[in-house]
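*Asks:* I'll drop the sequence and a predicted model, then ask my questions.
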There are 2 protein chains.
Amino acid sequence: MDVSRFGAKFLGHSGILQLMDDLGQAAQIPGVRMLGGGNPAQIPQVHAVLRQAMERVLDSDSAFERMVGYYSGPEGDASYREALARLFREECGWDVGPEHIALTNSSQTAFFYLFNLFAGTGPDGVSRRILLPLAPEYIGYADVGIEPEIFVSHRPQIEHLPERQFKYHVDFERLQVTEEIGAICVSRPTNPTGNVLTQEELSQLSHLARHHGIPLIVDNAYGAPFPEIIYTDPGLPWAPHMVLTMSLSKLGMPGVRTGIVVARPEIVRAVAAMNAILSLAPGNFGPALTLELVRSREVLRLCREVIRPHYRAKAEHALACIHQSLAGTDYHVHRPEGAFFVWLWFRNLPITAQELYQRLKEQGVVVVPGQHFFPGLAEEWRHKQECIRVSYAADPEVVREGFRIIGQEVRRAYGG
Amino acid sequence: MDVSRFGAKFLGHSGILQLMDDLGQAAQIPGVRMLGGGNPAQIPQVHAVLRQAMERVLDSDSAFERMVGYYSGPEGDASYREALARLFREECGWDVGPEHIALTNSSQTAFFYLFNLFAGTGPDGVSRRILLPLAPEYIGYADVGIEPEIFVSHRPQIEHLPERQFKYHVDFERLQVTEEIGAICVSRPTNPTGNVLTQEELSQLSHLARHHGIPLIVDNAYGAPFPEIIYTDPGLPWAPHMVLTMSLSKLGMPGVRTGIVVARPEIVRAVAAMNAILSLAPGNFGPALTLELVRSREVLRLCREVIRPHYRAKAEHALACIHQSLAGTDYHVHRPEGAFFVWLWFRNLPITAQELYQRLKEQGVVVVPGQHFFPGLAEEWRHKQECIRVSYAADPEVVREGFRIIGQEVRRAYGG
C-alpha cells in the first residue's frame, strides 16, 4: 500500500502506537490490574449528577433534539461558550468572552491543531518547534507533529524532599527561546508526574513567551477551575499571549470527547477553522450535558466537594502503599500535587523501565514505562529509563495489590 | 503571529472558510430562508425513536455510565463495530467483521485521514493525489489536504433528460489513472448534485482501482444501508480494495459526530492509529445511542419507512416549485436521485453564481454558489459559474418561498 510520509507513521507499529496497542491488549487480560491508562475513576456521586443532567435534557421540550439534530458552528455551541466565558470571568478573573473560546472533539485534538499551527515550516521557510520547558512531559504530545521533530525539551532540576519525595523544576538556566521556537507548552498539573509548576515558574514562562511574542500554551486538563484535581495552589491566570486547554474528560466524561481552548480571538478563529475542515463541527453531547452544571456552577461544587477529595485520598493511599511495598529499595516518588498518577523513580535500577514494564505485565500489573514521556529530549539521560507512571484512579484494593507486585519486581530487579 | 504553512490557511479567510463564515452569519439573520446548509431535516418520527433510544440507555443499569465514563479503544466501541459488521454482512452481503470497521468523530474526519494517508509526498518521494472522477464533487473535500493541490478531477459528460432534467456521467475517456494517483474517490449519492453513479460506472471505477492497486473510496454519507436517502438503485458492494465511509449525520444525528469507515484491516488499523494520535478515541454518544437500533435493524425500518419517503416527497415538492418559479428561463436541474439537494444549472447566465448567491442573500435566501464544488478541476469551464446547490431539507413553505425568490432573481439576471 503506497502512502504518504504523514500516513506512514500510522502504519508502522512504532513508539507510542505500539505501546497503546500493547496497553489495549493488556487491558483485556482477565484479572489484570490496569494502572496504565488515563481513564478517570468511576465516582458514584459524579455518575448521579450526570445522569440527572441527562434526564433534565430529556425533560426539556427540545434540548435533546437540539443536541442530536443540529450541527453547531465550527467554534462549538454558542450558549455553552457563553456560559463558560461567564464562569471563567466570574470565578477565575479571566478577561474573556465567548469569542475567546473554541470547543474541540477532545483536548488531544486541540493539541494537534495548536502544535501544527505554531510548529512546522512557515510560509517564511523558517522551521519552528514547540518548547517543552520541562521533561518528563505528556506522552500524548509525542506523535502529533505533521512534520517530524517538532519538540525541544530540557532536563529538569530535581529537588529532593522528605519521605523519599522529589519535585522537578524548570531549569531556567538551560532554557533558550531561540528564533526557532513557535510556542512554549507545559501541562499543569503535569501528566505523568503530578507536578504543579509553581506560580513563580509559571510567571517566568509567561514573561519569556510575551517577551518573544509567542504563545504560552498551558495544558490544563487536570487544573482549575475544573476538574481542579490539584492539591497545591491551583491559581492560573489568563492573558492574551496564553492559550489554555481544558477538557471534560477528567471530570468523569472521557466518552463525550469535549475539549475547550481559551485563547485570544485570532487563535480561536484558527481553531474553529481547523474544526471546520477536519470535522465540520465539534460534538454537542458534552456541551449539552453540562450546560446547566456550568451555568449553575454546580460543576465547581462537584470538583471541590467530590472529585478533588476523591483523588486526594487515593493519592495518600497510593503513597502509603508505595512506602510499604518499596521500603528498602532506592525508590523516589514525585510529590503528588495533582492529576491522578504517581511517577516513581528507581535510582540506578539495573534494568530498564521497559524491561520492568514487561515483567510487571507478566505479573498482571500494567503501568507505563517512563522513557515515552520525554518528547523532544534528544540527549542521553539514564533517568529516562529509571521511571514509571502508575495511575491511582482504580479501586484502592487494585492499587494496593498493584504496588505490592511492583515492590516485588523492583526488589528482584535490584537483586534484593 | 508566526504560524506554519499548514496553519496559515486557517488564518486566511479564503475560499471555503470564508463561505462557511458567510453562511454562518447569514443563518443568523431573522427570517432568512436557509437553503444553504447540510443540516438534515427535523423529522418527528426520527426524534421519537432517538428519544426512546436515549431513555433505554438511561433505563439500563450501566449503559449511560459506560457511554460517558470510559474511553473507547482508538478504533471505536467494540460492541458497536460488531453490531455494524453483522448488519453489513447480513443485509448488504459485505464480507466484513469488526476488524473491517473503525469509527471516527465524523466522516469529515475520516476524509482528513484517508486523503492524507493516500495523497501527499510518500517516503519514496513520489507526490500522490486523489482522483475525483467526476466534478462537481463535495465541497468539504476541498481544503483537507495537508499538502496543497491533492485533487485531480475531470469534467463530466452531461446527459439531457425530459422535463429540463440532466444527469452527469463519468467521462471514462478522459480518466487517466497515472502513477501519481493514490486513490480514487466518489460521493454516492453525490453532494451537491443528488447524482447516483450507475452500477456500471461504479463497477468500472472499481475495476480501475483494483487494476492499479489503489483504493476506491466511496463516500456513502447518504447511501445504503443507512440513511439510504437514494431514490434509484442503492446497491453498493464492498471489496478489500474499497473503502466506504458512512455517517449517522444524515439519519438525523449531526450533533453526535459519528463517522464509520469500512475497509480492509490494514487501513482500519491506520485509521485507528490516526484517531489515537489526533483524538485518543472517537466519542461514545452516537454508538451508544444507536447500538440497539443497529442490533434490532430498526435503523433500516426507520430509513425505508420514514427518512427516505420524507426526502423523496421533499424532492418532488422542490421539483414542482422549480418548474413553477423558473419557467421561461434556460434552467436545468440535475435529476434528484438521492441526498437532499437540488443542483440547478442556469445555462449562459449573464452573471456568475457568486453574484447570484449575493443577490439571493440580500433577498433573504441562502444557497451555495456552484464554483466551490469543483475541487481539483483546474481547467476553465463556464459551467462552474452557472450552477447553485439548494437544500430541500427545510420546511416545504420555506422551500417554496425560497424558489419563488430564486425564480425572481434568476429572471432578473437573464434580463427577463
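*Replies:* Now that the structure is in, tell me what you want to look at.
*Asks:* mind listing the strands for the stretch 201-350 of chain A?
*Replies:* Listed in chain order, the strands of the stretch 201-350 of chain A (DSSP state E, counting those that start in this stretch) span A:216-219, A:242-247, A:259-262, A:331-334, A:341-346.
*Asks:* Quick one: list the elements packing against the second one.
*Replies:* Other helices and strands packing on strand A:242-247, by 3 or more C-beta pairs under 8 Å, 6 or more residues apart in numbering or on different chains; DSSP states H and E, are helix A:107-118, strand A:216-219, strand A:259-262. All C-beta atoms are positioned from the backbone trio N, CA, C, and that covers glycine.
*Asks:* I'd like the strands of the stretch 201-350 of chain A written out as CSV, with distance to B:Ser187 and mean pLDDT added.
*Replies:* CSV is the format used below for those (distance: least, C-beta to C-beta, whole Å; pLDDT from 0 to 100):
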stretch, distance to B:Ser187, mean pLDDT
strand A:216-219, 37, 98
strand A:242-247, 33, 98
strand A:259-262, 29, 98
strand A:331-334, 51, 98
strand A:341-346, 44, 98
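*Asks:* tell me which parts of the stretch 151-300 of chain A are close to chain B?
*Replies:* Contact residues, the stretch 151-300 of chain A versus chain B (C-beta under 8 Å from any C-beta of the partner chain): A:182, A:214, A:249, A:252-257, A:266-267, A:269-270, A:273-274, A:276-285, A:288-289.
*Asks:* Which residue ranges of the stretch 1-150 of chain A form helices?
*Replies:* Ranges of helices in the stretch 1-150 of chain A, per DSSP state H, counting those that start in this stretch, are A:5-11, A:15-28, A:44-59, A:63-69, A:78-87, A:107-118.
*Asks:* quick revisit: looking at the helices and strands packed on strand A:242-247, which is closest to A:Ala48?
*Replies:* A:Ala48 sits nearest to strand A:259-262 of all the helices and strands packed on strand A:242-247, at 23.7 Å, using C-beta to C-beta.
*Asks:* Contacts for the closest one next, please.
*Replies:* A:84, A:88, A:94, A:96, A:100-110, A:113-114, A:238, A:243-248, A:267-268, A:271, A:282 (C-beta atoms under 8 Å, 6 or more residues apart in numbering or on different chains).
*Asks:* try stretch A:57-65
*Replies:* Here stretch A:57-65 has contacts from A:56, A:67, A:288-289, B:42, B:47, B:50-51, B:54-55, B:58, using C-beta under 8 Å, 6+ apart.
*Asks:* again, but for stretch A:31-45
*Replies:* Counting by C-beta under 8 Å, 6+ apart, A:23, A:26-27, A:191, A:249-252, A:254, A:302, A:306-307, A:310-311, A:314, A:340, A:364-368, A:389-394, A:398-399, A:401-402, A:405, B:65, B:69-71 sit against stretch A:31-45.
*Asks:* Quote the end-to-end distance of that stretch.
*Replies:* One end of stretch A:31-45 sits 26 Å from the other (C-alpha to C-alpha, to the nearest Å).
*Asks:* Report the distance from it to the chain centre.
*Replies:* Chain-centre distance of stretch A:31-45: 16 Å, with C-alpha atoms, centre = their mean, to the nearest Å.
*Asks:* Pull out the buried positions in it.
*Replies:* Buried residues in stretch A:31-45, defined by neighbour count with 16 or more other C-beta atoms under 10 Å in any protein chain shown: A:32-43.
*Asks:* Tell me which two of those residues sit farthest apart.
*Replies:* A:Val32 and A:Ile43 (21.7 Å).
*Asks:* Look up how far chain B lies from the residue of chain A most remote from its centre.
*Replies:* The outermost residue of chain A, judged against the average C-alpha position, is A:Asp61 (36.9 Å), by C-alpha atoms, centre = their mean. Distance of A:Asp61 to chain B, given as C-beta to the nearest C-beta, to the nearest Å: 11 Å.
*Asks:* pretty sure A:Thr329 is touching A:Arg411, no?
*Replies:* Yes. If you go by C-beta atoms under 8 Å, A:Thr329 and A:Arg411 touch, sitting 6.0 Å apart.
*Asks:* coming back round to it: filter the contacts of stretch A:57-65 down to the buried ones.
*Replies:* Buried, going by 16+ other C-beta under 10 Å: A:67, A:288-289, B:42, B:47, B:50, B:54, out of the contacts of stretch A:57-65.
*Asks:* Now do the same contact list for A:Leu114.
*Replies:* A:183, A:185, A:217, A:243, A:245, A:261, A:267, A:271.
*Asks:* Try it again at 6 Å.
*Replies:* Taking C-beta atoms under 6 Å, 6 or more residues apart in numbering or on different chains, we find A:Leu114 in contact with A:Ile217.
*Asks:* Check the one 3 residues further on too.
*Replies:* With contacts defined as C-beta under 6 Å, 6+ apart, A:Leu117 is in contact with A:270, B:3, B:7.
*Asks:* ok, and the closest non-adjacent residue to it?
*Replies:* B:Gly7 (3.7 Å; C-beta to C-beta, 6 or more residues apart in numbering or on different chains).
*Asks:* what's the neighbour count on A:Ser60?
*Replies:* When neighbours are counted by other C-beta atoms under 10 Å in any protein chain shown, A:Ser60 registers 14.
*Asks:* now what about the lowest-mean-pLDDT helix or strand in chain A, what contacts it?
*Replies:* One helix or strand of chain A scores below all others by mean pLDDT, DSSP states H and E: helix A:15-28, with a mean of 80. The list of residues contacting helix A:15-28 from outside it, by C-beta under 6 Å, 6+ apart, reads A:32, A:34, A:36, A:142-143, A:361, A:366, B:73, B:273, B:276.
*Asks:* quick one: which of those is most hemmed in?
*Replies:* Of the contacts of helix A:15-28, with other C-beta under 10 Å as the count, A:Gly36 tops at 28 neighbours.
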